[in-house]
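1. Structure for the following, please:
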Amino acid sequence: MYETDPVRDPNNLGCTIKPWCGEPRIDLLTKDYITPNELFYVRNHLAVPDIDPDEYVLVVKGKGIRKHKFTLDDLKTKFP
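-> The predicted structure follows:
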């Protein structure tokens, strides 16, 4: 179930391994006001899903808002 999980940054300290929950070392958090993405807190409740990047679509909709669809490339480039 967890064999396809991504490799984690070695500076993230694992609180649990399966599922992965981790946090950066405190000295890295206090180094700058901005936490790099690879060091951000990670909380998983299950294994990381194995998806096809070319077919992935995130649909955002709700009452009072217009429906939006984002590809994985959109998420990586429009929301850095």
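
2. can you pull out the strands in this structure?
-> According to DSSP state E, the chain carries its strands in the segments 12-16, 21-24, 42-43, 57-62, 65-71.

3. Which among the ones you listed is found nearest to residue 31?
-> Proximity of those to residue 31 was assessed by Cβ to Cβ; the nearest stretch is strand 21-24, lying at 9.5 Å. The way it works is simple: take the backbone N, C-alpha and C, and place the C-beta from them, glycine included.

4. For that closest one, enumerate the helices and strands it packs against.
-> strand 12-16, strand 42-43 (3 or more Cβ pairs under 8 Å, 6 or more residues apart in numbering; DSSP states H and E).

5. That one: partners in the sheet, and parallel or antiparallel?
-> When sheet partners are counted by DSSP bridges, strand 21-24 sits next to strand 12-16 (antiparallel), strand 42-43 (antiparallel).

6. can you list contacts of the last one?
-> I take that to be strand 42-43. If you take Cβ atoms under 8 Å, 6 or more residues apart in numbering as the criterion, strand 42-43 is touched by 8, 12, 20-23.

7. hang on, the earlier thing: with distance to residue 1, mean neighbour count and mean pLDDT added, can I get the strands of the chain in JSON lines?
-> Putting the strands of the chain into JSON lines (distance: least, Cβ to Cβ, whole Å; neighbours: other Cβ atoms under 10 Å; pLDDT from 0 to 100) gives the following:
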{"stretch": "strand 12-16", "distance to residue 1": "14", "mean neighbour count": "13", "mean pLDDT": "89"}
{"stretch": "strand 21-24", "distance to residue 1": "16", "mean neighbour count": "18", "mean pLDDT": "90"}
{"stretch": "strand 42-43", "distance to residue 1": "17", "mean neighbour count": "15", "mean pLDDT": "86"}
{"stretch": "strand 57-62", "distance to residue 1": "23", "mean neighbour count": "9", "mean pLDDT": "96"}
{"stretch": "strand 65-71", "distance to residue 1": "26", "mean neighbour count": "10", "mean pLDDT": "96"}
